[in-house]
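> Okay, sequence plus prediction incoming.
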Number of protein chains: 2
Amino acid sequence: MTRKEVEKLSTEPYKGVRDFYPEEMSVQNHIWNVAREVVERYGYEEYSASLLEPSELYYAKTGEEIVNEQTYTFTDRGGRDVTLRPEMTPTVARLVAAKRRELAFPLRWYSIPNLFRYERPQRGRLREHWQLNVDLFGADTIEADAEIITIVHAILQKYGLASEHYSISVSYAGMLKETLEREYTLAEEEAVRVIKLLDKFVKGDEVHLMGDEFKKALEENMKNEKANVLYEVLQTKQFADTLGKHAEHAYMAELVALLQSEGIPAQTNIFLTRGFDYYTGMIFEVFDTNPSNNRSLFGGGRYNDLLSIFGVEKVSAVGFGMGDVTIRDVLETYNLIPKHLPKTKLLIIPHSSESIPACKKLAAKLRSEEICVALQLLDKKTGDNFKYAEKHGIPFALIVGENEQALGNYTIKNITTQDQTTLRQEEIPPWIKAQI
Amino acid sequence: MTRKEVEKLSTEPYKGVRDFYPEEMSVQNHIWNVAREVVERYGYEEYSASLLEPSELYYAKTGEEIVNEQTYTFTDRGGRDVTLRPEMTPTVARLVAAKRRELAFPLRWYSIPNLFRYERPQRGRLREHWQLNVDLFGADTIEADAEIITIVHAILQKYGLASEHYSISVSYAGMLKETLEREYTLAEEEAVRVIKLLDKFVKGDEVHLMGDEFKKALEENMKNEKANVLYEVLQTKQFADTLGKHAEHAYMAELVALLQSEGIPAQTNIFLTRGFDYYTGMIFEVFDTNPSNNRSLFGGGRYNDLLSIFGVEKVSAVGFGMGDVTIRDVLETYNLIPKHLPKTKLLIIPHSSESIPACKKLAAKLRSEEICVALQLLDKKTGDNFKYAEKHGIPFALIVGENEQALGNYTIKNITTQDQTTLRQEEIPPWIKAQI
């Protein structure tokens, strides 16, 4: 397209991404400020990186098919294959691998990157989303696993969610696949297919979702007599007992007991699997317990081998990612998004252009006392000025004219209640701070 | 590349972008926290958008050549031309155009986006950078122009820069070009070439840079006898006087006088031009006054017509962008980057695994009082634990063993001074807060 052809551009954003007007931005800031505060309380430090990464980073552990079909991957002008990161874990593994000799482990790191995936946009799935990533490197202990899950719980509590609003399902990577292969003689590819189906159908509560829909999917996928047998087997106590004999299951149970003893709504879920194949130990997902919903909100797990793709010695790691789109939906469901309150607290209105210098002086004084102040720049009627303040959510306004300049008294109007209060300049900052 | 071919990945980031380890991230956070605080004091509200934009947005005002050669532009899997935004102004114009009927003007908005350009990486020029963008819509007054420049000054002061460290050069878009065409009979393309050269050679102080190098470049570009004449003309008082007769020049002078009366180091500079062709009024740039440097740090100006590309009525606008790479260089030059101080203030060390529950309880208590606490998860020797705290910049550590649990007294060690203080649990938070 050339410049001349463009006559009138669309104001729509690119498909599947969002514009954040101040009201939406304040929700984003609320979501991340809460998360940031909690993770910093646990000793985590922020890092970041570019969203452009060499594509090889994802081929190695994500698989060629996913990179080619579900990511934004292109060749740059210098012939390099480059990808807009679809997740942060390979990036943080790269950073740790690069400086592993200088860094003092255990290492507690977090980041709030934006991530991209080329998908059909739908509820809860956009082409760009933001994600809190929290990782703990260099401590392969049950207390490290417990800390990561405790942070998840602490964040959700800080948002105002009660423990009955969510449950944390804990499992162990590979345990289910190994059991299906070894003890139920499924070929590897069959086991993988069954696990993918379980990932799709089993949400939160493992019992009541083993219904007809799952049975049908199993039949369609297995295309042999094993389907029926397997459907029955999966629901037996015997199957659960077989898994229960594994050392991994004992670990899961111990971890869950430790978490429960601290009031965290964790439970084991032997059918839980996670999409990424880099997990090597504990895995978990957070579910909304709302019966109409019952979907996975976010999750994480232990990945002790990911650094080996960089040819360096093993560094143990455990972490999770929490996306803004899903958490926002949950907070909306439970009415936990605070009302947008702009930081601007006062609109100063010049009575006439002669009053502008006095307005600017007053504004400067109040700003130096940490009050956020906007100056009206247009010559509007008094009523229109108050409407303007109201529309911007600015709670107070005052007019500066000759009288105010002469006496040093200012009449502050509360935009919502219409109340008026007359104060001297030095009384304004403490008065405004006390009102909010 | 397929998965099997990958045996050992590089830990380098993609060419021309940066990784932010916690120490670098704290510098970024310092730069943006200061800027954010200042702009919010002036009543500006934060917005954001995706970095993916339809490519048409840039063809319209940036020019096809620049889009094709200097941006990351590619075709997505759905056949859409998409660009990683190289600047934020077209995006904010799009947002304002889309909701212009609902928004109450004047509108004060800011954002801190990352921007991309495909360039040869060099000092001060990377492929990804972050930029503070501040814009004021709907007020086409001298006070609006003054406010934008006042904010620039306030931010630089808040960083600790003194007014002699920088100067703010003010000019008026189009004035120079019009003068060259009308009064010195240059063809439009000649005028454009001269202006591009002035943009390249004239930095900050307009006098001493009109040297031989500029003369030579002028000769090479003009390729006719006009070069010599023009070189002489540009330096005459007559040329300055000719410009001085323009209404635009009178406006510049008035604006500069207004700013100077408030102690802002602004000056007129008739040779200042800006790269983007959407400017319609006042333009400005900030220069480092360090004689070894004398380069443009950042700038902005008035752009009243940009919304017309969306086929909507005119909305006046003035704003600026300030990049992290250049501002960081300046702060380093003047030694104004604060030492990295992690938010984690205390390392709690279990004397043995039996002490872990007591450590976690103490940590939870301190976290609820806003102290950022890390728990040691590995069984290290006491000396190694203190070294670990030192390496992470954690200023205090304490050990929890049987005695501490029995007596409820904790001995806190200052990692830097080696001093020890014994406190009861409830005394720890105020004590730590008082130390920092």
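Okay, I see it.

> What residues are bridge-paired with the residue of the stretch 301-436 of chain A found nearest chain B?
As assessed by Cβ to the nearest Cβ, chain B sits closest to residue A:374 within the stretch 301-436 of chain A, at 2.8 Å. For every residue, glycine as well, the C-beta is placed using N, CA and C. Here residue A:374 sits in beta bridges with residue A:347, as judged by DSSP bridges.

> and residue A:283, helix, strand or coil?
Secondary structure, DSSP: H, G, I helix; E, B strand; the rest coil: residue A:283 is strand.

> In contact with it: list those residues for me.
A:170-173, A:272-274, A:299-302 (Cβ atoms under 8 Å, 6 or more residues apart in numbering or on different chains).

> Now do whichever residue of the stretch 1-150 of chain A sits closest to chain B: how many residues are near it, please.
Per Cβ to the nearest Cβ, residue A:43 is where the stretch 1-150 of chain A lies closest to chain B, at 2.8 Å. Counted by other Cβ atoms under 10 Å in any protein chain shown, the residues lying close to residue A:43 total 26.

> Can you tell me the SS state at it?
Counting by three-state DSSP, the backbone at residue A:43 sits in coil.

> how about the nearest residue to it once chain neighbours are set aside, what does it touch?
Closest residue to residue A:43 apart from its sequence neighbours, by Cβ to Cβ, 6 or more residues apart in numbering or on different chains: residue B:374 at 2.8 Å. With contact taken as Cβ under 8 Å, 6+ apart, residue B:374 is in contact with A:42-43, A:108, B:344, B:346-348, B:392, B:394.

> Ranking by neighbours, what's the top pick from these?
That'd be residue A:108 among these, by other Cβ under 10 Å, with 28 neighbours.

> Now do the SS call for it.
Per three-state DSSP, residue A:108 ends up strand.

> thought it was touching residue A:46?
No. Applying Cβ atoms under 8 Å as the test, residue A:108 and residue A:46 come out as separate, 10.5 Å apart.

> thinking again about what came up before, list the residues that contact the residue of the stretch 1-150 of chain A closest to chain B.
Residue A:43 neighbours (Cβ under 8 Å, 6+ apart): A:108, B:344, B:347, B:372-375, B:394.

> now with 6 Å?
Residue A:43 makes contact with A:108, B:344, B:374, according to Cβ atoms under 6 Å, 6 or more residues apart in numbering or on different chains.

> can you give me phi and psi for it?
Residue A:43 has phi and psi values of phi 90, psi 20 when expressed as degrees, to the nearest 10.

> Flag every buried residue along stretch A:294-311.
The neighbour-count criterion (16 or more other Cβ atoms under 10 Å in any protein chain shown) identifies A:295-310 as the buried residues of stretch A:294-311.

> right, I mislabeled it, should have said stretch A:218-236
In stretch A:218-236, counting by 16+ other Cβ under 10 Å, buried: A:218-219, A:222, A:226-227, A:230-231, A:234.

> for stretch A:162-176, same thing?
So stretch A:162-176, judged by 16+ other Cβ under 10 Å, has buried residues A:165-176.

> ditto for stretch A:120-128
Across stretch A:120-128, burial judged by 16+ other Cβ under 10 Å covers A:126-128.

> what subset of the buried residues of stretch A:294-311 is also close to chain B?
Checking these against chain B by Cβ under 6 Å from any Cβ of the partner chain, the ones in range are A:309-310.

> of all the buried residues of stretch A:294-311, which two lie farthest apart?
Maximum pairwise distance in the buried residues of stretch A:294-311, criterion Cβ to Cβ, is 34.4 Å, between A:295 and A:310.

> a markdown table for the buried residues of stretch A:218-236, including distance to residue A:315 and secondary structure?
Listed next are the buried residues of stretch A:218-236 as a markdown table, based on distance: Cβ to Cβ, whole Å; DSSP: H, G, I helix; E, B strand; the rest coil:
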| residue | distance to residue A:315 | secondary structure |
| --- | --- | --- |
| A:218 | 39 | helix |
| A:219 | 43 | helix |
| A:222 | 39 | helix |
| A:226 | 40 | helix |
| A:227 | 41 | helix |
| A:230 | 38 | helix |
| A:231 | 41 | helix |
| A:234 | 36 | helix |
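
> which one of those is nearest chain B?
Checking the buried residues of stretch A:218-236 one by one against chain B (Cβ to the nearest Cβ), the nearest turns out to be residue A:222, at 26.6 Å.

> could you measure the closest one against residue A:238, distance?
20 Å (Cβ to Cβ, to the nearest Å).

> again with residue A:98
When distance is defined by Cβ to Cβ, residue A:98 is 48 Å away from residue A:238.

> more crowded one of the two?
Counted by other Cβ under 10 Å, residue A:98 and residue A:238 do not tie: residue A:98 has more neighbours, with 18 against 9.

> which residues does that one contact?
Residues near residue A:98 by Cβ under 6 Å, 6+ apart: residue B:11.

> Do any residues in the strand ranked longest in chain A lie close to chain B?
When chain A is scanned for its longest strand (criterion: DSSP state E), the result is strand A:128-137. Yes. Strand A:128-137 is in contact with chain B by Cβ under 6 Å from any Cβ, via residue A:128.

> Quick check: neighbours of that strand in the sheet, parallel or antiparallel?
Short version: by DSSP bridges, strand A:128-137 pairs with strand A:107-111 (antiparallel), strand A:114-116 (antiparallel), strand A:317-323 (antiparallel).

> Can you lay out those as a markdown table showing mean pLDDT?
Below are those laid out as a markdown table (pLDDT from 0 to 100):
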| stretch | mean pLDDT |
| --- | --- |
| strand A:107-111 | 98 |
| strand A:114-116 | 96 |
| strand A:317-323 | 97 |
